[in-house]
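In: when you get a sec, could you give me coordinates for this:
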Amino acid sequence: MMKVLSAHTPCWNDVAHTTLNLYVTFEDTKDSLGEIIFTASPNDPESHGRDLFDRAVALEFGDIAEPGVDVIKSNMLLQRAELTAVANSVIEKLQVDVSILQDSVELEIATDKEIAALATKKVSLSAWKKYRVLLSRVQEQEGFPTVVEWPEAPGE
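Out: From the prediction side, this is the model:
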């Protein structure tokens with residue numbers, strides 16, 4: 001575990017209080033890096049990260065500031081980007097599936113199972129496209145970024 005020489009000015013990264021940043025000087029890196037901004041989390045794979053989080057929550061380094069609007073906005077946009085990437089991946093796969101099934105129908109070699117699957121895949125594709133559009137509009141919601149109503153992802 002890395003030894004902490006000093007830590008101060010903790011600030012939450014999100015309104016859910018899942019991670020926080022604070023200024024830290026570690027013994028091993030004091031000469032090469034000096035004081036750095038460190039993100040601490042209760043789920044950090046390194047014990048010093050978990051320890052710093054616990055100590056900060058216990059207010060050992062002072063009161064923890066709430067995140068600013070810019071931080072919250074950045075986190076919301078990052079979350080939207082992650083959800084959009086998932087949607088894009090699902091949509092891409094469904095488009096390939098629909099294309100192949102449409103080919104089998106067009107070539108008059110589709111089985112009954114493929115014809116039924118085509119209808120189901122088209123409905124699913126449409127639902128995922130709608131979800132992606134709703135994600136793109138999250139930033140337009142009243143109250144954004146502090147209040148966000150995320151659209152529900154469709155089932156696959």
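
In: mind splitting the chain into its structural domains?
Out: 4-57, 69-140 (automatic domain parsing).

In: mind putting those domains in JSON lines, mean neighbour count and mean pLDDT included?
Out: C-beta coordinates here come from the backbone N, C-alpha and C atoms, glycine included. Formatted as JSON lines, the domains of the chain follow (neighbours: other Cβ atoms under 10 Å; pLDDT from 0 to 100):
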{"stretch": "domain 4-57", "mean neighbour count": "16", "mean pLDDT": "94"}
{"stretch": "domain 69-140", "mean neighbour count": "14", "mean pLDDT": "96"}
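
In: in a helix, residue 16, correct?
Out: No: counting by DSSP: H, G, I helix; E, B strand; the rest coil, residue 16 is not part of a helix but coil.

In: which neighbouring elements make contact with the lengthiest helix in the chain?
Out: Longest helix in the chain, counting residues (DSSP state H): helix 69-106. Contacts defined by 3 or more Cβ pairs under 8 Å, 6 or more residues apart in numbering; DSSP states H and E place helix 69-106 against helix 112-136.

In: taking helix 112-136 as reference, get the angle to the longest helix of the chain.
Out: 160 degrees (axes from the mean of the first three to the mean of the last three Cα atoms, to 10 degrees).

In: for helix 69-106, what is the distance to the chain centroid?
Out: 14 Å (Cα atoms, centre = their mean, to the nearest Å).

In: same question, stretch 47-55
Out: Chain-centre distance of stretch 47-55: 22 Å, with Cα atoms, centre = their mean.

In: using PDB, list the CA coordinates for that stretch.
Out: Provided in PDB are the C-alpha atoms of stretch 47-55 (Å, rounded to 0.1, in the frame of the first residue of the first chain):
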ATOM      1  CA  SER A  47      -6.100  -0.700  -1.000                       C
ATOM      2  CA  HIS A  48      -4.700   2.900  -0.700                       C
ATOM      3  CA  GLY A  49      -7.600   4.100  -2.900                       C
ATOM      4  CA  ARG A  50     -10.200   2.400  -0.700                       C
ATOM      5  CA  ASP A  51      -8.400   3.700   2.400                       C
ATOM      6  CA  LEU A  52      -8.300   7.300   1.200                       C
ATOM      7  CA  PHE A  53     -12.000   7.100   0.300                       C
ATOM      8  CA  ASP A  54     -12.900   5.800   3.800                       C
ATOM      9  CA  ARG A  55     -10.700   8.400   5.500                       C
END
